[in-house]
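S.K.: Fold the following and give me the result.
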Amino acid sequence: MKSTLRLFSLLAISGLLFASCSSKRSGSGQSSLTGWNFNDPSYGGYLKGKYKEGNNVPPGMVHIEGGTFTMGLVQDDVMFDWNTTPKQMHVRSFYMDETEVTNSEYSLFMQYTKDIFPPEEPQFKNIYASVLPDTLVWRKGLGNTNLLSESYLRHPSYAEYPVVGVSWIQANKYCKWRTNAVNLKILMDKGIISNIFKEDSLEFKGKNNFDTDAYLTNPYALFEGDSTIYKRGLPVTRKKGEPKKEKGAFTGRHVTSTDGILSQKFRLPTEVEWEYAAKAIFENREYNNIRGRKKYAWDGKYTRDRDKRRRGDQLANFKQGRGNYSGIAGWSSDGSDIPNAVRSYPPNAFGLFDMSGNVAEWVSDVYRPIIDSEANDFNYFRGNIFTKKLINEDGKVVIIGDELGEVEYDTLENGRIIPKEVPGSVKYIPITKEDTYMRRNYNLANNASVGDGDLASSKYYDFDKDQLNGTPRMYNSPEKPEAEKDSLGRVIDNYKYDDKARTTLISDKSRVFKGGSWADREYWLDPAQRRYFPEYMATNYIGFRCATDKMGPMMMNQRKTAVPKYSN
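M.R.: Residues are numbered from 1 along each chain as shown. Okay, here's the model as predicted:
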């Protein structure tokens, strides 16, 4: 009996050891549920990417560890507009640019666009013009500021100053281009794609523009299917005397999303992300309690530095009073009467510069007067438009320039002409009712007005459209269906005013911008303050910075959960 028990114990221990070894093998490329090998041609070559935990912060960004905080005004609401009602929110971890996008960085986008879509070619003539900042925002009818219109964007002395005169639409165009530029460099550095700028056989223009979505959809559809830019063939061993290949280079296949080496999409931060990053409330933490309420991006209730070494220095660039944009010359000055160079003032606890002052910044949200009482308390965002890739009759994804002919343009309310999509990019369309059938989490493509301004949230929710004679809008800003032009090409103001008086300028094209600027008083430096501006217009005091999602654990180098140990 004892020998039987001893044998049973040995078998049990052996089973645990075998399971442990099997678990280790599955972690190195074997399915623990089927026994199949990943990335093995003998088993079909099914892919499994390997996540490498570490410092994968994108260039120029800082890691913002997520958590909970009170979004909205936590100070006294002296204006009594109740535009920033406090609400507890949870934010996921993400990355954010440590500074605003500068003139030099945006100029790179402009130069690239001009090279890839030459404005002298008729089919591209409006693409380059659509990304140019509006430099005339500096003009004043009764001010000597015209020189800034000529010099602020392009003069080298302003290269490290935040770009302004950029609309919300243009800021989003930059974010998309940055995604493509970063991923193109990754693919070239790893040897997956040859350096396309050195390829004599390829005219790198028009639909040959690199696009991340198009690459992931069908890499061989890019660059007119020119095979010279791709590293094809099976992996080969390095022969004696040959130089070592770059570490991490792929030689046998193209990259997919599963590999995890491509950058996530850059975008504008949401309002809740921007405010959370600006407040950086964790620096006020004592044990498990939050000490005090933050008024600015830095700790304290004053705009001047209280450190002995820099006592009295201004901590931000803002308008100190009427006719006072920088203070008295000398010690009292904040250093600039217009936007200042980035990194001119101390960063906040997250390492972000100019979250209070210098320039205000676009965020991605559609504006509504208050934080929605029924808003999602997890990564809140208003403005989702759910789309899908357009599939042609042959079942293939449509890429702009291959099937849709000439570039399609749109005319904005201010008369500016922009391309709907640039050549080489994937064509997306809004989802349909069939796509939302039996769904409980969403049922519309455009969610900008969900629960606040759409028909379902109005008193007419049970009326038919025929009964309404047109759907009423809560935010009934003037409408401009199409931009008409006279014989000289000037836009004709034809805003549609019906019998019902228009009572607001708020619409689904009104976007939130956050933070005070060089032209704002101290009141607006509070990160909780919020204002709005049309997405197609620009000013000399609004800039932007990018954000992107963090994959995997919410903390950097997060400790792994301990595996319980078994004992007999």
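
S.K.: When you work out contacts or count neighbours from here on, use the C-alpha atoms and nothing else.
M.R.: Will do.

S.K.: burial measure for Glu271, as a count.
M.R.: 26 (other Cα atoms under 10 Å).

S.K.: dump the residue contacts of it.
M.R.: Each residue near Glu271 by Cα atoms under 8 Å, 6 or more residues apart in numbering is listed here: 363-365, 381, 512, 514.

S.K.: Which two among the residues you listed are spaced furthest apart?
M.R.: Phe381 and Lys514 (14.5 Å; Cα to Cα).

S.K.: would Lys114 count as being in a helix?
M.R.: Yes. Assessed with DSSP: H, G, I helix; E, B strand; the rest coil, Lys114 lies in a helix.

S.K.: helix or strand for the residue nearest to it when sequence neighbours are not counted, which one?
M.R.: Ranked by Cα to Cα, 6 or more residues apart in numbering and with sequence neighbours excluded, the top spatial neighbour of Lys114 is Tyr128, at 5.5 Å. Counting by DSSP states H and E, the element that carries Tyr128 is helix 127-131.

S.K.: hmm, back to that, and the gap between the residue nearest to Lys114 and Leu184?
M.R.: According to Cα to Cα, to the nearest Å, Tyr128 stands 21 Å off from Leu184.

S.K.: Please apply the same query to Asp337.
M.R.: 39 Å.

S.K.: Same check on Gly191?
M.R.: For Gly191, the distance to Leu184 - Cα to Cα - is 11 Å.

S.K.: go on, Pro419?
M.R.: 22 Å.

S.K.: before we move on, back to that, compare Phe381 and Lys514 (neighbour count), which wins?
M.R.: Lys514 (28 against 19).

S.K.: shouldn't that one be in contact with Phe533?
M.R.: No. With contact defined as Cα atoms under 8 Å, Lys514 does not reach Phe533; the gap is 10.7 Å.

S.K.: per-residue confidence for the residue positioned nearest the centre of the chain?
M.R.: Nearest to the centroid of the C-alpha atoms of the chain, with distances taken as Cα atoms, centre = their mean, sits Arg267, at 1.2 Å. Per-residue pLDDT puts Arg267 at 97.

S.K.: Verify the stated contact: it with Cys546.
M.R.: Yes. Here Arg267 lies in contact with Cys546, judged by Cα under 8 Å, at a distance of 5.5 Å.

S.K.: joint contacts of these two?
M.R.: By the contact definition Cα under 8 Å, 6+ apart, Arg267 and Cys546 are jointly contacted by Cys175.

S.K.: Mind listing the strands the strand ranked longest in the chain pairs with, and their directions?
M.R.: Looking across the chain with DSSP state E, the single longest strand is strand 360-366. Paired strands of strand 360-366, with direction, are strand 510-514 (antiparallel), strand 542-543 (parallel) (DSSP bridges).

S.K.: chain center to the last one, what's the gap?
M.R.: To tie it back to what came earlier, the one meant is strand 542-543. 15 Å (Cα atoms, centre = their mean, to the nearest Å).

S.K.: Show residues contacting that strand.
M.R.: 100-101, 162-166, 359-362, 513, 517.

S.K.: how about a cut-off of 6 Å?
M.R.: 163-164, 359-361 (Cα atoms under 6 Å, 6 or more residues apart in numbering).

S.K.: Kindly report the same for stretch 67-75.
M.R.: Outside stretch 67-75, the residues touching it (Cα under 6 Å, 6+ apart) are 84-91, 528.

S.K.: if you set the cut-off to 7 Å instead, what comes out?
M.R.: For stretch 67-75, contacts defined as Cα atoms under 7 Å, 6 or more residues apart in numbering pick out 84-92, 272, 293, 295, 528-529.

S.K.: Of these, which is the most crowded?
M.R.: Ala528 leads those on contacts (other Cα under 10 Å) with 28 neighbours.

S.K.: Now that one: which helix or strand?
M.R.: Applying DSSP H and E, one finds Ala528 in no helix or strand.

S.K.: Next one, pLDDT for it please.
M.R.: 90.

S.K.: pretty sure it is in contact with Glu275, am I right?
M.R.: Yes. With contacts counted by Cα atoms under 7 Å, Ala528 reaches Glu275, the gap being 6.3 Å.

S.K.: any idea where the strands of the stretch 1-150 of the chain begin and end?
M.R.: 61-64, 67-71, 87-91, 94-97 (DSSP state E, counting those that start in this stretch).

S.K.: Make JSON lines out of those strands and add distance to Ala445 and mean pLDDT.
M.R.: Putting the strands of the stretch 1-150 of the chain into JSON lines (distance: least, Cα to Cα, whole Å; pLDDT from 0 to 100) gives the following:
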{"stretch": "strand 61-64", "distance to Ala445": "30", "mean pLDDT": "94"}
{"stretch": "strand 67-71", "distance to Ala445": "27", "mean pLDDT": "89"}
{"stretch": "strand 87-91", "distance to Ala445": "24", "mean pLDDT": "90"}
{"stretch": "strand 94-97", "distance to Ala445": "25", "mean pLDDT": "96"}
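
S.K.: Pick the most buried one from these.
M.R.: strand 94-97 (a mean of 24; mean count of other Cα atoms under 10 Å).

S.K.: on contacts alone, who are the packing partners of that one?
M.R.: strand 61-64, strand 547-549 (3 or more Cα pairs under 7 Å, 6 or more residues apart in numbering; DSSP states H and E).

S.K.: neighbouring strands for the first one, and are they parallel or not?
M.R.: Note on strand 61-64: by DSSP bridges, its sheet partners are strand 94-97 (antiparallel).

S.K.: circling back to that earlier point, have a look at Asp337 and Leu184 and say which one is more surrounded.
M.R.: Taking Asp337 and Leu184 together and counting by other Cα under 10 Å, Leu184 has the greater number of neighbours (21 against 17).

S.K.: chain center to the strand or helix carrying that one: distance?
M.R.: Assigned by DSSP H and E, Leu184 falls within helix 168-189. Distance, stretch centre to chain centre, for helix 168-189: 11 Å (Cα atoms, centre = their mean).

S.K.: before we move on, back to that, adding distance to Thr303, write the helices and strands packed on strand 94-97 out as TSV.
M.R.: Below are these laid out as TSV (distance: least, Cα to Cα, whole Å):
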stretch	distance to Thr303
strand 61-64	24
strand 547-549	27
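
S.K.: what mean pLDDT would you report for stretch 33-52?
M.R.: 75.

S.K.: For it, could you pull out the residues that count as buried?
M.R.: Buried residues in stretch 33-52, counted by 16 or more other Cα atoms under 10 Å: 36-38.

S.K.: Next, the distance between the ends of stretch 340-353.
M.R.: 12 Å.

S.K.: Test my guess that Pro269 contacts Trp362.
M.R.: No. Taking contacts as Cα under 7 Å, Pro269 lies outside contact range of Trp362: 8.2 Å.

S.K.: Tell me which of these two has more neighbours.
M.R.: The residue with more neighbours, out of Pro269 and Trp362, is Trp362; 31 against 26, by other Cα under 10 Å.

S.K.: Quick one, grab the pLDDT at the more buried one.
M.R.: For Trp362, the predicted pLDDT is 98.

S.K.: Could you give the bridge partners of the closest residue to it other than its chain neighbours?
M.R.: Excluding its sequence neighbours, the residue lying closest to Trp362 (Cα to Cα, 6+ apart) is Phe513, at 4.4 Å. Beta-bridge partners for Phe513, by DSSP bridges, are Trp362, Arg531.

S.K.: Is Phe513 in contact with Glu535, as I believe?
M.R.: No. If you go by Cα under 7 Å, Phe513 and Glu535 don't touch, sitting 10.1 Å apart.

S.K.: the more surrounded of those two?
M.R.: The residue with more neighbours, out of Phe513 and Glu535, is Phe513; 25 against 21, by other Cα under 10 Å.

S.K.: and the gap between that one and Val101?
M.R.: From Phe513 over to Val101 (counting by Cα to Cα), the distance is 15 Å.

S.K.: after the longest strand of the chain comes which helix or strand?
M.R.: strand 387-389.

S.K.: Figure out how far stretch 167-187 is from the centre of its chain.
M.R.: 9 Å.
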